[in-house]
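In: Predicted coordinates and the sequence they were generated for:
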Amino acid sequence: MAHPTASAPLFQLLSDLFARVGVTPVLAGGYAVNVHKFSRQTEDVDFVIPASDAMRIDEAMLRHGYSVLAKNSVFVRYFSQAPFSRIVDFLFVDGDSFSRMLSDSLPTTIGGGVFRVLSLKHLLAMKLHALKSGDRRREAKDLLDIVELARLNSVDVTSEEFRSWCRKFGPIAVFERISALAGKADA
């Protein structure tokens with residue numbers, strides 16, 4: 001699956017960088033949303049990596065002119081002054097979770113670089129999990145992403161399977177909110 005982008009040089013750089021350091025991040029966030037049929041703008045590029053690759057990614061990004069904007073035990077955010085650059089985020093997960101994400105991921109080409117992108121199920125799970133954080137700034141965007149991804153990919157948000165995803169990954173009341181929003185979107 002190919003995906004055009006104005007940031008082609010950045011994606012080629014990232015693809016080359018990942019190959020050189022021997023890591024295979026999985027594309028997440030807005031670009032993954034776009035790959036799964038819901039086209040929307042995004043300010044950054046998000047990847048999921050196993051926590052064990054954090055040091056190699058950090059060394060490689062710093063070597064290529066990136067600076068750390070924010071860092072904690074679960075993610076790091078990089079920025080570069082390069083004209084084609086965007087903020088690049090890496091979310092750290094445990095090895096078992098990453099193995100499941102990687103094995104279910106799909107290939108995609110962006111800007112000449114080949115990447116793995118989260119499966120729809122893992123992308124929805126991450127969006128549901130983000131709603132647990134209670135970050136009001138992200139809530140509307142994540143809810144819209146979930147509803148539109150479900151609609152465009154024929155996911156039945158009233159099904160028991162989707163309800164179980166909501167229970168497992170999201171806040172308790174999210175199933176009803178998504179079902180109500182999906183009903184409005186269909187009307």
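Out: Everything's here; your move. Residues are numbered from 1 along each chain as shown.

In: Now do the contacts for the residue most central in space within the chain.
Out: Nearest to the centroid of the C-alpha atoms of the chain, with distances taken as Cα atoms, centre = their mean, sits Ala28, at 1.7 Å. For Ala28, the contact set (Cβ atoms under 8 Å, 6 or more residues apart in numbering) comprises 46-48, 91, 117-118, 123, 126. For every residue, glycine as well, the C-beta is placed using N, CA and C.

In: With adjacent residues omitted, what lies nearest to it?
Out: Among residues not flanking Ala28 along the chain, Asp46 sits closest, at 4.4 Å (Cβ to Cβ, 6 or more residues apart in numbering).

In: Is the one you found in contact with Leu27, as I believe?
Out: Yes. Using Cβ atoms under 8 Å, Asp46 makes contact with Leu27 at a distance of 7.3 Å.

In: okay, those two: which has more neighbours?
Out: The neighbour comparison of Asp46 against Leu27 (other Cβ atoms under 10 Å) goes to Leu27, with 26 against 23.

In: how close does the more buried one get to Phe18?
Out: Using Cβ to Cβ, to the nearest Å, Leu27 is found at 11 Å from Phe18.

In: and if you look at Leu91?
Out: Taking Cβ to Cβ, one finds Leu91 at 15 Å from Phe18.

In: Comparing those two, which shows the higher neighbour count?
Out: Phe18 (22 against 18).

In: pretty sure that one is in a helix, no?
Out: Yes. Judged by DSSP: H, G, I helix; E, B strand; the rest coil, Phe18 forms part of a helix.

In: what sits against it?
Out: When contacts are counted by Cβ under 8 Å, 6+ apart, Phe18 touches 24-25.

In: Mind listing what's buried along the longest helix seen in the chain?
Out: Criterion DSSP state H: the longest helix present in the chain is helix 136-152. For helix 136-152, burial by neighbour count (16 or more other Cβ atoms under 10 Å) applies to 141-151.

In: now swap in stretch 121-136 and tell me
Out: Buried residues in stretch 121-136, counted by 16+ other Cβ under 10 Å: 122-128, 130-131.

In: What segments of this structure are helices?
Out: Remark: helices assigned in the chain by DSSP H are 8-21, 29-35, 54-63, 95-104, 120-132, 136-152, 160-169, 174-186.
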